[in-house]
Every structure is written in structure tokens, then in C-alpha cells.
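Participant: build me a structure from this.
(2 chains)
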Protein chains: 2
Amino acid sequence: MALHPFDEALALEPADGGWRGHTSPKWANMVGPFGGLTAAVLLRAVESHPDRVGEPVALTVNFAAPVADGVFDISARVVRTNRSNQHWLVELTQDGIVKTNATAVFATRRDTWADTEVRAPDVPAPDAVAAPDGPPLVEWISNFDLRYVDGGVPAPDAGPEPSSVTTLWVRDRRDRPLDFPALTALSDIFYPRVFLRRGAVAPAGTVSMTVYFHADGAALDAVGADFVLARGQANRFARGHFDQSAALWSRRGELLVSTHQLVYFKD
Amino acid sequence: MALHPFDEALALEPADGGWRGHTSPKWANMVGPFGGLTAAVLLRAVESHPDRVGEPVALTVNFAAPVADGVFDISARVVRTNRSNQHWLVELTQDGIVKTNATAVFATRRDTWADTEVRAPDVPAPDAVAAPDGPPLVEWISNFDLRYVDGGVPAPDAGPEPSSVTTLWVRDRRDRPLDFPALTALSDIFYPRVFLRRGAVAPAGTVSMTVYFHADGAALDAVGADFVLARGQANRFARGHFDQSAALWSRRGELLVSTHQLVYFKD
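Facilitator: Numbers count the residues shown, from 1 in each chain, chains lettered A, B, ... in the order given. From the prediction side, this is the model:
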């Protein structure tokens, strides 16, 4: 039986004290692979490490250079193991050149007082929202079932919009259950906010991305392959960069992650 | 003439191909130095590097272990220099053990289309807001002039609050003009959000912190030593961690940074 395209892209084999993987055409972006996938592969490398303790709570991925099609190597180093958390440094290289690096914090979760302040917006159920017409902008989008509640990809004749908010339901098109790498990829599901504001596609790419994982493994198991609600917005566009803050919730309204990124753009 | 306490704490001298610095009692936190100061020192190390190009646009600092009082060493390595940006990896060690690490992205800013979506809240001017009574919780607070508009530090008899929002005006108490290290330190100006929600001080510490710099050097020069408006809020508290999202604006309403952190807490 063929592997699911996400599992195929996450497949790593031990090599030179680290791991070796390869890019996959199903995850192609405008240049190189979808950044959310690369982030997921880096997280998977830490998850696979025999010294790993606990579950991810924070991940920052820096996109230093485009990943070329083909083979890549990943090294993951434990920076520090504390009583309840563990710090990691991860690098993805091709021919010895760093293309992406990441820092990750894993932790053993404990029961504590809990509360959520950022509530899911009140939106129609995913089945009541149409899937987009026409072919996707880039290949990797085809791996997901997207239902834009607002702020969909601008049509060729779109004009500027006053807000960069996009809200969508999203799930794996082939019913793969949610895990931490999949949640990492979903954290990068938004097309560049500048497209929406300007009403046009233009060069843009994520420079650095951070994910804070609020959900634990049991919460992800409860979501399974169901839709997740995603909402993202830019805070400021200025002098060649903008930032985006986003959140992902389960259908039941559990905040799964809050995630932020800085994006380079041209106009 | 004595150095300003911030400049004294930022002072680095070349050592072993990196830099050597030392902690300063004026920046003491509950355990080790104020995290915002440590983040500022790491940024300063990159700024001081002869190969540095441009200004900071993104910084992530991971607090792996408490910095002990005394000497520390910093290494800063260029990961990649692109046409318009540069990626850095920075480590602070004591006796060869990594206490803090960071990734930073510097960039050459270009004129582009610009807009701000997250507006400064409408609040009273700083002179109309009283400074807090009584001694600060920790020593480093004494370096700042703080004016809490809402969400001040809970009094000993405080009860729980329904919101973790804190809004304050803040400036350097000795009129030191704003620069990128100072802006980095201000990004960590908020006391732990869990204190406000629970109405009590309890063990808590930042695990990872990210700053996106929207302001360029000219914008910081325009702020000078004036008050900056800071607002922060937690998104979710769950199983031993919470996240905080915050923004800093100039008095004129320019969004200077958006900043996020993940914090460990006990209850």
C-alpha cells in the first residue's frame, strides 16, 4: 500500500548520526517545498530522536534559503534537558549548506489551572462552506480540503481589501489523523496576507515561523481527521516585511496552537 | 562618568572569537537576570559582529537554563547571507554550558507599500497615569518608569481576574534613547500573565520569546527616550504553559514590534 503523501514526505532514514530525507513533488510550492512541510520534517526529526522527552510546546523555524528538489540531511542536537523540558537545535542542510534551522522546546505536560482567552470565531460549519473553484495556486494545496469562510485567495480581477483576515476550515484530504507534524504544517496554511490586501499575487516568502502547541497528544487524537478552524491576520506591513498571527482550533473550540510568522514581500 | 545601567549590562569584550560579558546586579530577576536583558545582549552581539548586514527583523530567544551571576560567553555565527537578509545563530554559555540560544534575522529594509492593522488602544497619556506604589517585585523593574493603564501587578489581597490583558506606558528611567537592544528588553516588560489571572505570584518563567521588529532605526531615533505603549495578553493557559502575545507602539501610534512568548508556570 502506498504511503500517505505526508508520511512519504516525512520519511527519514538514519545517516551520518542524523537523518536523510528527500523532497516530494506533491509538496511543491512556488520555489522549493511548502514551508509548513519543511517545518513538520524538522519537528519529526526531534520526535524520532532516542533522547527526546515529552511533547513539543514551542517551535521556531527559520527559512534561510530555498530547499532544492532532492535529498536533504537533518541534524538534531539536544541543547539542554531540564526536569520538565528539553531544548533542541535542528538544521536541514543540502551539500553541507544550511537551508533551514529550528529551535524546539519539548516538555512533559502537567495538570494545572487552565483557561482559554482567545475564543474561536462563530462561523458556519465546514459542510456549509464551499470548497474553492479552480486549480490551486501551488501543488501542495491539493493535499488539503480547504473551506474559506472569509478572506479566500484573491481572484485575478480582485481589488485591494481593507483587512488581511482569513478564516478557513482545513483538513487532510485523505483523512490522515492529526499529529504534531501535521499540526505544524497546518500552522503555515495561510497564503501570504499581502496577496489579500493588495488583491494580487506577488513575490513573498516566510522568513521565520513560530508555533506554540497548546494541545497535547490526547487532544490531537480526539480531533482525528476532522476539520480544524484556522484564522490568521497581519499586524503590520512595512518596508519589505509583514508579520502574521494566527490560531488553530478544533471543531469543539479547543485552541490547538497559536502561531506567528515574519514574511518577506515585494510589491 | 558612569555608564548607564543598560549599557553597562550590554558591554561585551572580544574573547575567543566571540564575546565575554558579565551579569549586573541592577538587572536581577527572581532567578538570574531579567530575560529581556539577556535577549538584548544576544541581539547586541549580532549587531557588534563585523559581518552583520542591515537591521534586525526577527529574533527568537530560548531560555534553556538560568544564567548564573558572573561572567558569560557569547558566540554568534552567520548561518546564511542572502541578497536582502542574513540569518544568525547565537549562544550564551557559562563554563561551556549553553544557558540561552537565539536565532536572528537581519535585513536591509526597502521602501514598499505599507499599512498597520493592529492599532494602539485609546488610553490616557502617560502623565495622566500614576506610577505604581511600593517596591517593585524584582530589582530590574527599577530601571524603568512604568505607568499601568490596566492590568497592574496584583496586590497581595488581589483575587482572580477574568482577563490577562495588561496595558502600560514604559520608558527608561534615566532617559536612555531607544535602540534595538532596548526595544528587545521592552518586549519582555510584562510580568507573567498567570499572576494577573490568578491574583497571586507563583513560579513562572519564559521558555521561548520571539520579537518581530517593524520599526527601523530612524523610527527608534524619532521615539528617543519617550514613553512606549505596551499591551500584552495570554491566549491559552494549559498544562503547565501559557503563551503571551504583545505589541509595542510609539506615542504617535506606530507599531514598533509584535512579540510573543511561551511561559512555564506552576500553580
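Participant: what's the following helix or strand after the helix or strand harbouring A:Ala218?
Facilitator: Element membership for A:Ala218 (DSSP states H and E) is helix A:217-223. Following helix A:217-223 in sequence order, the next helix or strand is strand A:228-238 (DSSP H and E).
Participant: what does the helix holding A:Ala218 rub up against?
Facilitator: Residues outside helix A:217-223 that contact it (C-beta atoms under 8 Å, 6 or more residues apart in numbering or on different chains): A:55, A:177-180, A:183, A:215, A:250-252, A:254, A:256. To be clear about C-beta, it is placed using only N, CA and C from the backbone, and glycine gets the same treatment.
Participant: one more time with 7 Å, if that's ok
Facilitator: Residues outside helix A:217-223 that contact it (C-beta atoms under 7 Å, 6 or more residues apart in numbering or on different chains): A:55, A:178-179, A:183, A:250, A:254, A:256.
Participant: can you list the buried residues in it?
Facilitator: For helix A:217-223, the neighbour count (16 or more other C-beta atoms under 10 Å in any protein chain shown) marks A:219-220, A:223 as buried.
Participant: kindly report the same for stretch A:146-164.
Facilitator: Result for stretch A:146-164 [16+ other C-beta under 10 Å]: buried residues A:146-149, A:151-154, A:161, A:164.
Participant: would you list the contacts of helix A:217-223 in CSV and tack on neighbour count?
Facilitator: Output for the contacts of helix A:217-223, formatted as CSV (neighbours: other C-beta atoms under 10 Å in any protein chain shown):
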residue, neighbour count
A:Glu55, 18
A:Leu178, 24
A:Asp179, 18
A:Leu183, 25
A:Ser250, 20
A:Glu254, 18
A:Leu256, 25
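Participant: can you give me the helices for the stretch 1-150 of chain A?
Facilitator: A:5-10, A:35-47 (DSSP state H, counting those that start in this stretch).
Participant: can the last one be found next to chain B?
Facilitator: No - Helix A:35-47 lies apart from chain B when judged by C-beta under 7 Å from any C-beta of the partner chain; the minimum separation is 12.6 Å.
Participant: ok, and what's touching that helix?
Facilitator: For helix A:35-47, the surrounding residues in contact (C-beta under 7 Å, 6+ apart) are A:9-10, A:12, A:19, A:21, A:27, A:29, A:52, A:56, A:59, A:61, A:63, A:67, A:74, A:76, A:88, A:90, A:92, A:100, A:102, A:104, A:106, A:140, A:180-182, A:184-189, A:206, A:209.
Participant: inside strands: which ones of the residues you listed?
Facilitator: When those are checked against strands (DSSP state E), the matches are A:19, A:21, A:56, A:59, A:61, A:63, A:74, A:76, A:88, A:90, A:92, A:100, A:102, A:104, A:106, A:206, A:209.
Participant: what residues does the stretch 151-267 of chain A have near chain B?
Facilitator: A:163-164, A:197-198, A:207-208, A:210, A:212, A:214, A:216, A:233-241, A:243, A:245, A:247, A:255, A:258, A:260, A:262, A:265, A:267.
Participant: show the buried residues in these.
Facilitator: Buried among those (16+ other C-beta under 10 Å): A:164, A:197-198, A:207-208, A:210, A:212, A:214, A:216, A:233-241, A:243, A:245, A:247, A:255, A:258, A:260, A:262, A:265.
Participant: so how far is B:Gly17 from A:Ala15?
Facilitator: Per C-beta to C-beta, to the nearest Å, A:Ala15 is found 30 Å from B:Gly17.
Participant: the two - which one has more neighbours?
Facilitator: A:Ala15 (12 against 8; other C-beta atoms under 10 Å in any protein chain shown).
Participant: show me the beta-bridge partners of that one.
Facilitator: In this structure, A:Ala15 bridges to A:Gly18 when assessed by DSSP bridges.
Participant: what pLDDT is listed against A:Val90?
Facilitator: In this model, A:Val90 is scored at 98, pLDDT.
Participant: count the residues that sit near the residue nearest to it when sequence neighbours are not counted.
Facilitator: Nearest residue to A:Val90 in three dimensions, chain neighbours excluded: A:Ala102, at 4.3 Å (C-beta to C-beta, 6 or more residues apart in numbering or on different chains). Neighbours of A:Ala102 under the rule other C-beta under 10 Å: 28.
Participant: surely A:Ala102 and A:Phe63 touch.
Facilitator: No - with contact defined as C-beta atoms under 7 Å, A:Ala102 and A:Phe63 do not form a contacting pair (9.9 Å).
Participant: surely A:Leu89 touches A:Arg80?
Facilitator: No - judged on C-beta under 7 Å, A:Leu89 makes no contact with A:Arg80 at a distance of 9.9 Å.
Participant: rewinding a little: tell me the one of the buried residues of helix A:217-223 nearest chain B?
Facilitator: A:Ala219 (9.0 Å; C-beta to the nearest C-beta).
Participant: do I have it right that A:Val211 meets A:Thr184?
Facilitator: Yes - if you go by C-beta under 7 Å, A:Val211 and A:Thr184 touch, sitting 5.8 Å apart.
Participant: which residues do those two both contact?
Facilitator: With C-beta under 7 Å, 6+ apart, A:Val211 and A:Thr184 have common neighbours A:Leu59.
Participant: what helix or strand is A:Ser258 on?
Facilitator: Assigned by DSSP H and E, A:Ser258 falls within strand A:255-265.
Participant: please export the C-alpha coordinates of that strand as CSV.
Facilitator: The C-alpha coordinates for strand A:255-265 follow below in CSV (Å, rounded to 0.1, in the frame of the first residue of the first chain):
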residue,chain,number,x,y,z
LEU,A,255,-7.3,26.3,20.9
LEU,A,256,-4.7,23.8,19.4
VAL,A,257,-1.9,26.3,18.5
SER,A,258,-1.1,29.9,18.3
THR,A,259,1.4,30.7,15.6
HIS,A,260,3.3,33.7,14.2
GLN,A,261,5.5,34.4,11.3
LEU,A,262,7.5,37.1,9.6
VAL,A,263,7.2,37.2,5.8
TYR,A,264,9.3,38.9,3.2
PHE,A,265,7.4,40.6,0.4
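Participant: list the strands paired with that strand, with their directions.
Facilitator: strand A:204-213 (antiparallel), strand A:241-250 (antiparallel).
Participant: any chance of these in TSV, with distance to A:Leu229 too?
Facilitator: Formatted as TSV, these follow (distance: least, C-beta to C-beta, whole Å):
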stretch	distance to A:Leu229
strand A:204-213	16
strand A:241-250	5
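Participant: could the ones you listed go into TSV alongside mean pLDDT?
Facilitator: TSV is the format used below for these (pLDDT from 0 to 100):
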stretch	mean pLDDT
strand A:204-213	98
strand A:241-250	98
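Participant: in space, what's closest to the spatially most central residue of chain A - neighbours in sequence excluded?
Facilitator: By C-alpha atoms, centre = their mean, chain A has its centre lying nearest to A:Ala185, at 2.8 Å. Excluding its sequence neighbours, the residue lying closest to A:Ala185 (C-beta to C-beta, 6+ apart) is A:Gly36, at 3.9 Å.
Participant: could you do A:His22 as well?
Facilitator: Closest to A:His22 by C-beta to C-beta, 6+ apart is A:Val71, at 5.1 Å.
Participant: what about that neighbour, distance to chain B?
Facilitator: Separation of A:Val71 from chain B (C-beta to the nearest C-beta, to the nearest Å) stands at 19 Å.
Participant: ok, that residue - how many residues close by?
Facilitator: Neighbourhood size, A:Val71 [other C-beta under 10 Å]: 12.
Participant: residue contacts, A:Val67?
Facilitator: Counting by C-beta under 7 Å, 6+ apart, A:Val67 has contacts A:23, A:32-33, A:38, A:92, A:94, A:99-100.
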